[in-house]
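Engineer: Quick one: sequence and predicted model below, then my questions.
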Amino acid sequence: MGFLTSLLQSWRTGPSAKGDPRLLPEAQLSGPMPWVIAIMISLTVVAAASGLALRNAARTASADLEGGVTVQIVTAAPAERLRQAGAVMATLAKAPEVAEVRQVAQEDLNTLVEPWLGTRPGDDVEALPIPALIDVRLKGPATADRIAHLRALVVPVATSARVDAQAGWLTPVFAAIGTLQWLAGGLIALLALATIAAVLLASRNALGNHRETIEIVHMLGGTDRQIARVVQRSMAFDAAAGGLAGLLLGVITIALLSRQFAGLGSGMVGGAVLHWQDWIVIAAIPLAGVALAVLTARVTVLAALRRML
Amino acid sequence: MSQSDAEIVQFDNVGLRYGTDKEILADVSFTLYPGCFYFLTGASGAGKTSLLKLLYLAQRPSRGLIRLFGTDAITLPRERLPGFRRRIGVVFQDFRLVPHLSAFDNVALPLRVAGVSEKDIARPVGEMLEWVGLGDRQHARPATLSGGEQQRVAIARAVIARPDMLVADEPTGNVDPEMALKLLRLFESLNRLGTTVVVATHDVHLIRKVPESLIMRLDKGRLSDPTGALRYPPRRPAMDTAMAAAVPPPRL
């Protein structure tokens, strides 16, 4: 038994075992956990992708409209309307903060109102008092001060002119998008909580099933951390498998939704795309899920083991 | 060396009760010294297993003082328990083998929890299983082993790491007389290497096989010590390291 003497020295002074997986039967720890985590991760991926796409849509629309200003000449007399429009064009062309000024052609206006007013033979669309529209691009964002300055320039030469920032029209839309983004964030937080609850139950169940083995390991000098590492490792495998399946399911769902929304052909929806940075965030979701599951398992197991001698 | 340094276990007026029941152990006082061989006897229900549970730190006493390896075991922080338990080998009465592990892995368990590398585990575990006559059953699960075979695996697991103290609860209850004697010789070999051995048994014949052993008798939860032998160091000195190295491996 001389070999035991030297062995004794090595294991007494050596580092503790890194959680031998053979301490507990890992296969029995799995059960439905991978599927639960797969569902959680897929829902989280879809929620995150929706939130990111909405943010991108809002940013794109905001960037497009940021320096946009519309001047309307609202007067029923066509000649006066033309005169005031010309005066406004001439004034704004000389304004230093204006990058570009363009009057919307009458044909384009007719096209805009066509769906509501119609263009049947005999209709005299031009007889309608449709305002003249002037599209202005500023060199910077259309702040309230700049709008007020433009108004001060325009109104003396065109008393019927109305000056509005284009972004102002979409303020309610941006507010709604902001709300939806918060909703997506809340959904992700709820899914994270549900994942924690599921892992907590699974860990407690694993401890309950293997209580006798855990007591034996304790009696042989096993530490709480060794036992916790076994459960953590099992949970990490379950979460990794579930996370991968959930990511795949989520990406397929995103692809299908993208095709559906692309078919709408709306300008704003066109901005709701996912950039490569967004895909990195989405790819990180299963990793975050694994980390969350492992951390929850560790905390749960250590807390439960502290109640044993 | 002072007396408190020399003693491996000291019980002082220890009592144990479960819940509000009457005490299973009452006013138990004794001292165990390194390198001694003790038998714990007593009728069924006398409290032998409860006393052993206190010895291997599976239970805290209701009252009294317990010192283990020179440290107060009552106030021992929970995180220090594994270090003390690794110094104690335990043979449970009901074996308590891990059902999903093979005989080999059960015996290797104390080494694995202690962080011994796999390359240092295979040989000693294999040899230990050979010594207890289970060399050909290394891969068998406990459920496929007989009671006697399970008991031998439990004993091999308890001694594989050569503990400072071996606590065995009826370790030969399920084996034939020949194997019981072999296992006793294994305990004696460990004892000669300096391990303190405490064996709870009913078997008077077994006790007679170790004439230099000290006997602790429990009667209805009280330890009888008419000669006071359990309070004072025995005549036989603890074996020093040089002597331990000279002791040959056990022959079973």
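Structural biologist: Ah, there it is. This structure is a prediction, so every number in the text was calculated from the model and none was measured.
Engineer: For residue A:139, grab the count of nearby residues.
Structural biologist: Using other CB atoms under 10 Å in any protein chain shown, residue A:139 is surrounded by 12 other residues. Where C-beta positions appear, they are placed from N, C-alpha and C, glycine not excepted.
Engineer: Would you mind confirming that it makes contact with residue A:95?
Structural biologist: No. When contacts are counted by CB atoms under 8 Å, residue A:139 is not listed as touching residue A:95 (9.9 Å).
Engineer: Report pLDDT for residue 11.
Structural biologist: Defaulting to chain A. For residue A:11, the model assigns a pLDDT of 37.
Engineer: That was the other one, I meant chain B.
Structural biologist: 92.
Engineer: what do you get for residue B:214?
Structural biologist: On pLDDT, residue B:214 comes in at 87.
Engineer: just the one 4 residues further on next, same as before
Structural biologist: At residue B:218, the model reports a pLDDT of 89.
Engineer: For the chain, which segments count as helices?
Structural biologist: In the absence of a named chain, this looks at chain A. Using DSSP state H, the helices found in chain A span residues A:2-13, A:27-30, A:33-65, A:78-94, A:106-117, A:144-154, A:166-169, A:171-209, A:211-219, A:224-262, A:267-270, A:276-305.
Engineer: try chain B instead
Structural biologist: B:3-6, B:48-55, B:81-85, B:103-113, B:122-131, B:147-159, B:177-192, B:204-208, B:241-246.
Engineer: quick one: low-confidence ranges for the chain?
Structural biologist: As the question left the chain open, I've gone with chain A. A:1-30, A:118-127, A:265-271 (pLDDT under 70).
Engineer: was after chain B, sorry
Structural biologist: B:1-5, B:225-252.
Engineer: Show me what residue of it gets nearest to chain A.
Structural biologist: residue B:86 (3.4 Å; CB to the nearest CB).
Engineer: I'd like to know how far residue A:195 sits from chain B.
Structural biologist: Residue A:195 sits 28 Å away from chain B, going by CB to the nearest CB, to the nearest Å.
Engineer: pretty sure that residue is in contact with residue A:33, am I right?
Structural biologist: No. The pair residue A:195 / residue A:33 is not scored as a contact, 10.1 Å apart, by CB under 8 Å.
Engineer: how does chain A divide up, domain by domain?
Structural biologist: Taking automatic domain parsing as the domain assignment, the ranges for chain A are A:20-62+A:172-305, A:75-159.
Engineer: what about residue 53, how many neighbours?
Structural biologist: Unless you meant another one, I'm taking chain A. Neighbours of residue A:53 using other CB under 10 Å come to 23.
Engineer: To clarify, I was referring to chain B.
Structural biologist: 21.
Engineer: Contacts only, for it.
Structural biologist: residue B:59 (CB atoms under 8 Å, 6 or more residues apart in numbering or on different chains).
Engineer: what's the nearest residue to the residue in the stretch 151-300 of chain A positioned nearest to chain B if we skip its chain neighbours?
Structural biologist: At 3.4 Å from chain B, residue A:221 is the closest residue in the stretch 151-300 of chain A, using CB to the nearest CB. Distance criterion CB to CB, 6 or more residues apart in numbering or on different chains; nearest residue to residue A:221, sequence neighbours excluded, is residue B:86 at 3.4 Å.
Engineer: isn't the one you found right next to residue B:114, touching?
Structural biologist: Yes. Counting by CB under 8 Å, residue B:114 is a contact partner of residue B:86 at 5.7 Å.
Engineer: could you list every residue that touches residue B:199?
Structural biologist: Residue B:199 touches B:37, B:38, B:39, B:40, B:168, B:171, B:187, B:206, counting by CB under 8 Å, 6+ apart.
Engineer: Strands - which of those residues land there?
Structural biologist: B:37, B:38, B:39, B:40, B:168 (DSSP state E).
Engineer: who's the second one bridged to?
Structural biologist: If I follow you right, that is residue B:38. When assigned by DSSP bridges, residue B:38 has beta-bridge partners residue B:198, residue B:214.
Engineer: so how many other residues sit close to it?
Structural biologist: Residue B:38, neighbours per other CB under 10 Å, totals 23.
Engineer: how near is it to residue B:184?
Structural biologist: 13 Å (CB to CB, to the nearest Å).
Engineer: Same question for the first one.
Structural biologist: Between residue B:37 and residue B:184 the distance, using CB to CB, works out to 10 Å.
Engineer: Find residues that contact each of these two.
Structural biologist: With CB under 8 Å, 6+ apart as the test, residue B:37 and residue B:184 both reach residue B:210.
Engineer: thinking again about what came up before, residue B:212: which of the helices of chain A is closest?
Structural biologist: helix A:2-13 (22.9 Å; CB to CB).
Engineer: Please indicate which of the contacts of residue B:199 has the highest neighbour count?
Structural biologist: Neighbour max across the contacts of residue B:199 (other CB under 10 Å) = residue B:171, 29 neighbours.
Engineer: how about the residues of the stretch 101-250 of chain B that lie near chain A?
Structural biologist: B:101, B:105, B:109-116, B:120, B:123-124, B:127, B:157, B:160-162, B:189-190, B:193, B:244-245, B:249-250 (CB under 8 Å from any CB of the partner chain).
Engineer: If we use 7 Å, what do you get?
Structural biologist: Contact residues, the stretch 101-250 of chain B versus chain A (CB under 7 Å from any CB of the partner chain): B:101, B:105, B:109-116, B:120, B:123-124, B:161-162, B:189, B:193, B:249-250.
Engineer: Buried by neighbour count, from those residues: which ones?
Structural biologist: Neighbour-count burial (16 or more other CB atoms under 10 Å in any protein chain shown) is assigned, among these, to B:101, B:105, B:109-116, B:120, B:124, B:161-162, B:189, B:193, B:250.
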